[in-house]
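**Student:** My questions are about this predicted structure, shown below with the sequence.
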Amino acid sequence: MSESSRSLPDRPSLRFLRLEARRRLAAGEFTALWEAYLAIAREHGFSSWTALKQQVVGDSRPDPDEAVLDHLSWVVSRLAGASQPDWEPPAEQELAEHFEQSFLDRPAAGQLIEGLSTMARTGRLRDEVTVITQRARFIRAQAGDLRIETAGTNEPPHRLRGILAHRVGKSVTDTRVAAPPADVAGNVPQAVVSVAEQALGEVGLPGLVLAGVDDHGKPWAMARGWARLDPKEPLSTTHRFPVYAVSTLITATAVLRLAADGRLDLDRPANDHLRAIRLANGDITVRDLLTRTDGLAPLPEALAETVPGLAELTGPVLASSGVRGSVAGFISGYAALGALIADITGSPYPQAAARLVLDPLGMTGSSFLERWPAADERAVGCHMLDTSGAFVPAPAKVATVPAALGLWTTAADLVRFGLGWSSLLPAPLAEEATRPLARPSAGWQVGIGLGWLINESRGVAAASGGVPHGAAASLIVKLDNGKVHIALTNRGIPIDEVNGRVLDALTGS
């Protein structure tokens, strides 16, 4: 410590230091909480608040949830300062104290920092964090007009693995979404109507479809809002949506059907069946691909104007950049599974997936598109929110990897899939598909099955898919009774929270 620094008491309290920082902020000594934290750390001879915390905590293990909240609070406070004229963005070393390096190495990290800084300059991001949901190393919070979701690593100091942030409904200034129309099919529970009415405005959506089945197994669906805004077209329960990563469940089910027929072995190397492309690591099994533990390198592009040939996109060999056995991304692995399906069946992936999954389940409104659909194809228009709060069309780009992101479908078809996928498989294999076989890290409540995400605490198998190009989807299946819950929207923000509200409203949890 420097001679001019303050000394810590014999038994320093991190809670006292936090309160001191907030007291000095309230007194006007600082303009942002992070500045108060940093000043207190330096007064005690430390270069950063993180270093001070480590000294105070000592050898004891920090509370993971508290640590994640600390990191998130720093992010919000630090970037909210962008509204000040003398603000400078955080340097890489500063960011590395709060984010995992693997996240900072991605292009999305720089885009996130710039996006949050822009939101601060426009008054959308403020130096405050209101926690909405907090569970093991996961936080959903509100900061100004932004809804933020983040998760920390399992290992101390529990740095953030990334952040999702989007503006909520009070940011929307677009008068075209006022007085949204509604369309229903079947006997929609009143609790679902209430969730839809609340979520549309609170979250800020041009359109929302919720669907499921009643206690007698009869399907219902409700659409609220607009399929398109220019010209305006009311949203119906029969409109088709891009459901992005939910597509992986079609691929996984197709692979499992081939396994059930003896045409592949889940625990044999995937290269035993691949012809059009190969995996650089010949030890990667089909099971590794299904459980996202393959360690394959990311693909260069997720979206394009038309679907390219797979070898054109990936090259003839898929390289590895991660550790086999660790849960990571899924696009490269499911690209390989799509190629495997095509090579085994002798048909292009879209036709093979239709024959193996879509057709047997009567999913007549579902397909893998090679180009953006026209309005007369009963497809929604996808939207983003501009800086003024108005909805604008999202780029008309389709997924480059149909097997990972390419399905366009209806709510009714997703209900059919949720109810019927297991009937296509032997019971033991279907049961294994919804059993946690891998986890991002020890202690995580969400595990990875054979394609499915398994949340044991909620008793559900799920899939969700959303990208920053104008749409999102969530599919939940209750493991105890097979009930299906669907949420679709034509704005590219996470929709899982809304589907979770439906689940809670109907189960009373």
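**Tutor:** Sure, I can see it.

**Student:** burial count for Gly315?
**Tutor:** Residues near Gly315, counting by other C-beta atoms under 10 Å, number 13. C-beta: built from backbone N, CA, C; applies to glycine.

**Student:** I'd like to know how far Leu116 sits from Arg126.
**Tutor:** Per C-beta to C-beta, to the nearest Å, Leu116 is found 11 Å from Arg126.

**Student:** who has more neighbours, these two?
**Tutor:** Between Leu116 and Arg126, Leu116 has the larger neighbour count (other C-beta under 10 Å), namely 23 against 17.

**Student:** Next up, the contacts around that one.
**Tutor:** Leu116 makes contact with Val75, Leu79, Ala82, Leu125, Leu146, Ala165, according to C-beta atoms under 8 Å, 6 or more residues apart in numbering.

**Student:** quick one, phi/psi of the last one?
**Tutor:** Ala165 adopts backbone torsions of phi -140, psi 140, taken as degrees, to the nearest 10.

**Student:** domains of the protein?
**Tutor:** Recorded structural domains for the chain (assignment: automatic domain parsing) are 14-170, 171-246+365-507, 247-350.

**Student:** Going by mean pLDDT, which of these comes out lowest?
**Tutor:** Among the domains of the chain, domain 14-170 carries the lowest mean pLDDT, a mean of 81.

**Student:** circling back: give me the subset of the contacts of Leu116 lying in helices.
**Tutor:** If you go by DSSP state H, the contacts of Leu116 have Val75, Leu79 in helices.

**Student:** List just the nearest of the contacts of Leu116 to Leu369.
**Tutor:** Set against Leu369, the nearest of the contacts of Leu116 by C-beta to C-beta is Ala165 (29.0 Å).

**Student:** ok now do the nearest residue to that closest one once chain neighbours are set aside, which residues does it touch?
**Tutor:** Distance criterion C-beta to C-beta, 6 or more residues apart in numbering; nearest residue to Ala165, sequence neighbours excluded, is Ile148 at 4.7 Å. Contact partners of Ile148, counting by C-beta under 8 Å, 6+ apart, are Leu72, Val76, Ile139, Arg140, Ala141, Gln142, Ile163, Leu164, Ala165.

**Student:** out of those, who's nearest Leu369?
**Tutor:** Among those, and counting by C-beta to C-beta, the member closest to Leu369 is Leu164, at 25.8 Å.

**Student:** quick one, helices of the stretch 301-450 of the chain?
**Tutor:** With helices called from DSSP state H, counting those that start in this stretch, the stretch 301-450 of the chain shows them at 310-314, 331-345, 349-353, 402-405, 411-420, 427-433.

**Student:** want to try JSON lines for those helices, with mean neighbour count and distance to Asp496 as columns?
**Tutor:** Converted to JSON lines, the helices of the stretch 301-450 of the chain look like this (neighbours: other C-beta atoms under 10 Å; distance: least, C-beta to C-beta, whole Å):
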{"stretch": "helix 310-314", "mean neighbour count": "17", "distance to Asp496": "28"}
{"stretch": "helix 331-345", "mean neighbour count": "24", "distance to Asp496": "19"}
{"stretch": "helix 349-353", "mean neighbour count": "22", "distance to Asp496": "24"}
{"stretch": "helix 402-405", "mean neighbour count": "27", "distance to Asp496": "17"}
{"stretch": "helix 411-420", "mean neighbour count": "24", "distance to Asp496": "14"}
{"stretch": "helix 427-433", "mean neighbour count": "15", "distance to Asp496": "20"}
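
**Student:** Quick one: closest of those to Arg458.
**Tutor:** Across those, closest to Arg458 is helix 411-420 (C-beta to C-beta), at 15.3 Å.

**Student:** So which residues make contact with the closest one?
**Tutor:** By C-beta under 8 Å, 6+ apart, the list of residues contacting helix 411-420 from outside reads 185, 209-213, 217, 219, 221, 223, 237-238, 241, 243, 246, 249-250, 357, 361-366, 473, 475, 477, 482, 484, 486, 488.

**Student:** One more: stretch 81-91?
**Tutor:** Contacts of stretch 81-91 with the rest of the structure, by C-beta under 8 Å, 6+ apart, involve 31-32, 34-35, 78-79, 113, 116-118, 120-121, 123, 125, 127.

**Student:** Could you work out the end-to-end span of it for me?
**Tutor:** End-to-end distance of stretch 81-91: 14 Å, with C-alpha to C-alpha, to the nearest Å as the criterion.

**Student:** Next, the buried residues of it.
**Tutor:** Of the residues in stretch 81-91, Gly81, Ala82, Ser83, Trp87, Pro90 count as buried by neighbour count, 16 or more other C-beta atoms under 10 Å.

**Student:** And it, how far out from the chain middle?
**Tutor:** 29 Å (C-alpha atoms, centre = their mean, to the nearest Å).

**Student:** go on, stretch 151-160?
**Tutor:** Its chain's C-alpha centre and that of stretch 151-160 lie 18 Å apart, by C-alpha atoms, centre = their mean.

**Student:** List the buried residues of that stretch.
**Tutor:** So stretch 151-160, judged by 16+ other C-beta under 10 Å, has buried residues Ala151, Gly152, Thr153, Asn154, Pro157, His158, Arg159, Leu160.

**Student:** Just flag the most distant two among these.
**Tutor:** Greatest spatial distance in the buried residues of stretch 151-160: Ala151 and Pro157, 14.2 Å, computed using C-beta to C-beta.

**Student:** re earlier: take the contacts of helix 411-420 and keep only those in strands.
**Tutor:** Using DSSP state E, the subset of the contacts of helix 411-420 located in strands is 185, 209-213, 219, 221, 223, 241, 473, 475, 477, 484, 486, 488.

**Student:** Identify the farthest-apart pair in those residues.
**Tutor:** It's Ala223 and Val477 that sit farthest apart of these, by C-beta to C-beta, at 21.4 Å.

**Student:** which of those two has more neighbours?
**Tutor:** Using other C-beta under 10 Å as the criterion, Ala223 and Val477 rank with Ala223 on top: 27 against 22.

**Student:** can I assume Pro269 is in contact with Leu289?
**Tutor:** No - using C-beta atoms under 8 Å, Pro269 makes no contact with Leu289, being 10.5 Å away.

**Student:** For Asp480, list the residues it contacts.
**Tutor:** Contacts for Asp480 (C-beta under 8 Å, 6+ apart) come out as Gly459.

**Student:** what's near enough to touch the residue lying closest to Ile284 once chain neighbours are set aside?
**Tutor:** Leaving aside its sequence neighbours, Ile284 sits nearest to Asp294 (C-beta to C-beta, 6+ apart; 5.0 Å). Contacts here follow C-beta under 8 Å, 6+ apart; on that basis Asp294 touches Leu279, Asn281, Ile284, Asp288, Ser320, Arg324, Ala328, Ser332, Gly333, Ala336.

**Student:** Between all of the residues you listed, which two are at the greatest distance?
**Tutor:** Farthest pair in these (C-beta to C-beta) is Leu279 and Ala328. Separation: 14.5 Å.

**Student:** Have a look at the two and say which one is more surrounded.
**Tutor:** Per other C-beta under 10 Å, whichever of Leu279 and Ala328 has more neighbours is Leu279, with 24 against 19.

**Student:** excluding its backbone neighbours, what's nearest the more buried one?
**Tutor:** Leu318 (5.1 Å).

**Student:** How many residues are close by the one you found?
**Tutor:** 24.
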